[in-house]
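A.B. asks: task: produce atomic coordinates for the following.
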Amino acid sequence: MPLEDPTKIVAVTTADKVFELMQRAIVDGEILAGSKISEPELAKRYQVSRSTLREALNRLEKCHLIERKANVGSRVVQCTTQGLLDLYFVREALEGMACRQAAENMTDNEIVDMKAMLNQHASVQALKDGVAYYQEEGDLDFHYKVILGSHNAQLIHLICGQLYHLVRMYRCQFGMHSPRASRAFSEHAQIIEAISDRDGELAEMLMRRHIAASRKNIENKIALQLEIELKTKAELKTDTTPVQGEK
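C.D. replies: Here you go, the predicted model:
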């Protein structure tokens with residue numbers, strides 16, 4: 001029997017709704033990575049009390065989307081190379097395990113749904129053009145569906161309940177718009193075929209390779225972004241350096 005989907009929990013309180021809005025804004029980059037959290041500004045933006053906002057911020061911290069430091073305050077988590085490595089090595093192990101269990105536990109109907117979802121993905125023009133492979137969260141996200149298909153409550157809680165949105169932050173901001181889009185889709189198709197064949201060993205191996213390749217792709221993008229930022233800062237510094245004799 002399929003276990004509860006954490007993304008389908010209905011927002012009931014005002015804090016729930018603020019949490020969902022901020023979560024989406026951080027993942028999509030609308031609230032910038034590394035930016036300082038201003039409680040007065042956010043309370044005004046979402047038209048809520050400071051106590052309601054803090055409740056939402058506490059939940060965002062548990063999802064690893066914001067971090068708090070003594071005498072510094074709260075900031076949106078920064079997408080760094082080390083953060084990527086730490087997260088994706090854990091993800092590779094856990095999702096590989098989930099994929100193996102999905103091959104054992106996923107129902108025939110769930111596999112049919114997965115294949116139908118991939119057919120839906122294949123119809124998107126950006127993927128046809130090989131420039132992007134964007135997946136909405138939850139039921140339209142291949143990785144999320146595989147994790148749910150493991151039918152392992154602990155894995156679902158760890159990956160979907162705690163790490164999922166931080167993973168999506170890296171994927172949305174660095175991984176989905178990529179020349180690797182077509183290759184990533186092909187890897188998804190190979191994984192679901194291994195699951196369909198009930199070959200857990202192959203399914204796990206393919207998932208681990210797929211996540212490792214995604215990690216390398218994002219690592220290269222972060223390195224390139226850092227290089228551009230450093231070059232820009234150097235150029236700005238040069239432009240503002242006074243010419244000799246100038247006062």
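A.B. asks: so the most centrally placed residue in the chain is in which element?
C.D. replies: Averaging the C-alpha coordinates of the chain gives a centre point, and the residue nearest to it by C-alpha atoms, centre = their mean is R168 (1.1 Å). Using DSSP states H and E, R168 sits in helix 164-170.
A.B. asks: C-terminal to that helix, what's the next element?
C.D. replies: Counting by DSSP H and E, the element that comes right after helix 164-170 along the chain is helix 181-196.
A.B. asks: rewinding a little: distance check, the residue nearest to the centre of the chain against F142.
C.D. replies: According to C-beta to C-beta, to the nearest Å, R168 stands 12 Å off from F142. The C-beta positions use only the backbone N, C-alpha and C, and glycine is treated the same way.
A.B. asks: got the contact list for the residue nearest to P179 when sequence neighbours are not counted?
C.D. replies: In space, and not counting its chain neighbours, P179 is closest to G130: 6.7 Å by C-beta to C-beta, 6 or more residues apart in numbering. G130 makes contact with 179, 181-182, according to C-beta atoms under 8 Å, 6 or more residues apart in numbering.
A.B. asks: and the lengthiest helix in the chain, average pLDDT?
C.D. replies: Selection of the longest helix in the chain by residue count, based on DSSP state H, yields helix 200-240. Per-region confidence: helix 200-240 scores 86 on mean pLDDT.
A.B. asks: okay, the angle between that helix and helix 181-196?
C.D. replies: Angle between the axes of helix 200-240 and helix 181-196 is 160 degrees (criterion: axes from the mean of the first three to the mean of the last three C-alpha atoms, to 10 degrees).
A.B. asks: now for helix 200-240, which elements pack on it?
C.D. replies: In this structure, helix 200-240 packs against helix 81-105, helix 181-196, with contacts taken as 3 or more C-beta pairs under 8 Å, 6 or more residues apart in numbering; DSSP states H and E.
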